[in-house]
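Participant: sequence and computational prediction follow.
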There are 2 protein chains.
Amino acid sequence: MRSPDRPPGTTASGVRESMRDRLGDEGVAVATVVAVEGSGYRRPGARMVVDPEGTHRGSVTAGCLEESVRDIAARVVTDGDPRLERFDLRDDAVEGWGLGLGCNGVIDVLVEPLDASFGPALAELEATRPVTVLTAVGSTDPAVDAGDRTTLTGAGRVSPGRDPLPEAVADAAERRLDGTDADVAARLSVGTDAGEVDVFANRLVPTPTLLVFGGQADADPVASLALRAGFRVRVATARGGRADDGRFPDAVDVRSTHPAEVADAVDAPAYTYAVVMSHNFVDDRLAVAALLDTDVPYVGVMGPRERFRDLRESMDRTLDAADRDRIAAPCGLDLGGDDPAAIGFSVVSEVVAVHNGRAGGRLTDLEGPIHDRSEVP
Amino acid sequence: MRSPDRPPGTTASGVRESMRDRLGDEGVAVATVVAVEGSGYRRPGARMVVDPEGTHRGSVTAGCLEESVRDIAARVVTDGDPRLERFDLRDDAVEGWGLGLGCNGVIDVLVEPLDASFGPALAELEATRPVTVLTAVGSTDPAVDAGDRTTLTGAGRVSPGRDPLPEAVADAAERRLDGTDADVAARLSVGTDAGEVDVFANRLVPTPTLLVFGGQADADPVASLALRAGFRVRVATARGGRADDGRFPDAVDVRSTHPAEVADAVDAPAYTYAVVMSHNFVDDRLAVAALLDTDVPYVGVMGPRERFRDLRESMDRTLDAADRDRIAAPCGLDLGGDDPAAIGFSVVSEVVAVHNGRAGGRLTDLEGPIHDRSEVP
């Protein structure tokens, strides 16, 4: 088993990894943004882990609230009780914007001990399965307390370490999230016979994987930048024993394959983005065909568009509309530059954009909000 | 003087730094792509440095020719004579594309000892001044040999360590490049009384700088990704002594400033891209105003567009069309995601795109060639 570099704490996957590492340790807290009104840097679902020494990994704002949250975390791990804290950063507004703190808006943060209740979600994600965590963050029903939690796994509902939500509340929340296949962090109000339960419903999909097919020198920055963007990295090389020479310290898996068998390197197709960059025409063609036979949502092909046209025309299969939607050729965003670093940024930025359903143009040229609104479908 | 992390060898700035480090050392060679016909991974002007041990930094292809170039480099440093090598990768084409090497096209590579003739260009770039290097790569004029070189500096023409080009040839090349303010790598044929001289004309602009105004936690990935993209990084923080706590190992300069004096941190305005991200409304406004008074080509402002509208409306100055062209607000490419890593990719990718005259967006959605053609204006 290789020991890859850790994804940085500036990514959701890095925070998840910290949670897995520290699960069961005494004195560790997790803070989660459960709602933002107005302008916040992070969206609901943003998390940070605070350890007993007060150091933290991840963030809930751009640095405005982390110190306050650390103080709350210290109390929460002492009491053992989850706590919902509201930060109203509009109070110190100057001309409508926070002067001292530099954030604006009202941010609700749930601070909890990193207890066994997180176990099932972390295990599902580690096994590359999506999972939904339902947590009461407030309730007028005396039978429900803040922190009550039910985790919806593929194998059923579980609630280790915490009281479960009433079945009817979990049913209602599950129905509202039905059919989503992306991260969702939403706040739902669900009525019971005895009151209303305020539920933070968090659908989490596994950390996405970037699979690089190709082992030339230009694969290095793609792999290392992908880790920094929060992806799990896998590398499949063809025609050459460069699989195990330590060149890809950022990858969880490096293997030498026949290009027609590159799909063997795909362990979680729904969450895998593949970049085909062997620079060998025949190998690339075989790999593209093999990848299209899987359910990967993205197959990026490096090289000029004329090359891809030739590649497509010489394939045994005809590409249908669904295939063409998944293929990016030439892969990458239009950043210019020709050195491997620029190409790495181009490719990894496109994969981030596609993963988030975006098109990668300049925000200054667009209309509308920067962030998606976290809405229940 | 801080000792920042080195820009990686996958960037032009990393290769320049290697050349500066090794200038004057025995047995070091430089290989430069001087022309590409057909499809090549790297464009003219791509360089690699080969040291006497045969290790190299930088690249001339995606890994197809580096080994051959190393062998040539060994001969060149022994003979002392520059050598132009043509690689015709179409010869082994299968279905029109290289099977074995995976590159396609005809690539001319100039391999030279890293001698004193490189000194003036490296010194000019280090002093953040643009420079033009004219090198004969072929000649039917018996008075001119391959490798003859004239460097056009702000202070005049110099030719240490090599024979200069005839004045008339340098005059003609200089006229052809007049008015360019970007990297240009072009091959020109210039007639003399006694024949034709084939000149590789390389206009080089200084390594671009990314200036971060702001010192909260989200500045870290912006700084570290910018270094990986080949930028020099400077950080200016306001209101707080976080300037010297080692948080920005990737920066050549970290200072605490008053926001109205942020321009003091701009040492090469024409090549500086500024990102304003203090998260403090008043500080950001002061910094934007101060930066617009310099000649920086890009002022990115982090935060939602409504915040920038308020910021603009409360400024003492009116923004004219030239100001608005330089401002990106919200800064960054539309990649989605809200964690500091995703925002770092968004911002740095935009700066790379703007530096290269591109608009972001997905290459697969565009028409036309990926690379700019290197043409003399």
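Facilitator: Done, it's in.
Participant: what distance do you get for A:Asp316 to A:Ala290?
Facilitator: The gap separating A:Asp316 from A:Ala290 is 11 Å, by C-beta to C-beta, to the nearest Å. Heads up, the C-betas are built off the backbone N, CA and C, glycines and all.
Participant: for those two, indicate the residue with more neighbours.
Facilitator: A:Ala290 (23 against 7; other C-beta atoms under 10 Å in any protein chain shown).
Participant: quick check, that one in a strand?
Facilitator: No: according to DSSP: H, G, I helix; E, B strand; the rest coil, A:Ala290 belongs to no strand; its state is helix.
Participant: which residues does it contact?
Facilitator: Contacts for A:Ala290 (C-beta atoms under 8 Å, 6 or more residues apart in numbering or on different chains) come out as A:259-263.
Participant: give me the buried entries from those.
Facilitator: With neighbours counted using 16 or more other C-beta atoms under 10 Å in any protein chain shown, the contacts of A:Ala290 contain these buried positions: A:259, A:262-263.
Participant: among the contacts of A:Ala290, which are within reach of chain B?
Facilitator: The subset of the contacts of A:Ala290 within reach of chain B, by C-beta under 8 Å from any C-beta of the partner chain, is empty.
Participant: closest to chain B among the residues you listed?
Facilitator: Relative to chain B, the closest of these is A:Pro259; by C-beta to the nearest C-beta it sits at 12.1 Å.
Participant: just after whatever helix or strand A:Arg175 lives in, pick out the following helix or strand.
Facilitator: Using DSSP states H and E, A:Arg175 sits in helix A:167-177. On the C-terminal side of helix A:167-177, the nearest following helix or strand under DSSP H and E is strand A:184-192.
Participant: quick one: contacts of that next one?
Facilitator: Strand A:184-192 is contacted from outside by A:33-35, A:43-45, A:137, A:141, A:143-144, A:166, A:168-169, A:172-173, A:176-177, A:196-203, A:374-377, using C-beta under 8 Å, 6+ apart.
Participant: quick one: the strands in the stretch 151-300 of chain A?
Facilitator: Secondary structure of the stretch 151-300 of chain A (DSSP state E, counting those that start in this stretch): strands located at A:156-158, A:184-192, A:195-204, A:209-213, A:232-237, A:253-256, A:272-276, A:298-301.
Participant: mind giving me the domain ranges of chain A?
Facilitator: A:12-114, A:127-204, A:209-363 (automatic domain parsing).
Participant: most tightly surrounded among these?
Facilitator: Highest mean neighbour count among the domains of chain A (mean count of other C-beta atoms under 10 Å in any protein chain shown): domain A:209-363, with a mean of 21.
Participant: end to end, how far does it reach?
Facilitator: End-to-end distance for domain A:209-363: 26 Å, by C-alpha to C-alpha, to the nearest Å.
Participant: kindly report the same for stretch A:288-299.
Facilitator: Stretch A:288-299 stretches 7 Å from its first residue to its last (C-alpha to C-alpha).
Participant: touching, A:Glu77 and A:Ala29? I think so.
Facilitator: In this structure residue A:77 is Val, not Glu. Yes: with contact defined as C-beta atoms under 8 Å, A:Val77 counts as touching A:Ala29 (5.2 Å).
Participant: identify the contacts common to the two.
Facilitator: Residues touching both A:Val77 and A:Ala29 by C-beta under 8 Å, 6+ apart: A:Pro113.
Participant: about what we covered before: near chain B too, which of the contacts of strand A:184-192?
Facilitator: With C-beta under 8 Å from any C-beta as the criterion, those include A:Arg43 near chain B.
Participant: name the helices or strands packed onto whichever strand or helix holds A:Val30?
Facilitator: Using DSSP H and E, A:Val30 sits within strand A:29-37. With contacts taken as 3 or more C-beta pairs under 8 Å, 6 or more residues apart in numbering or on different chains; DSSP states H and E, strand A:29-37 sits against strand A:47-50, helix A:66-79, strand A:106-113, strand A:184-192, strand A:195-204.
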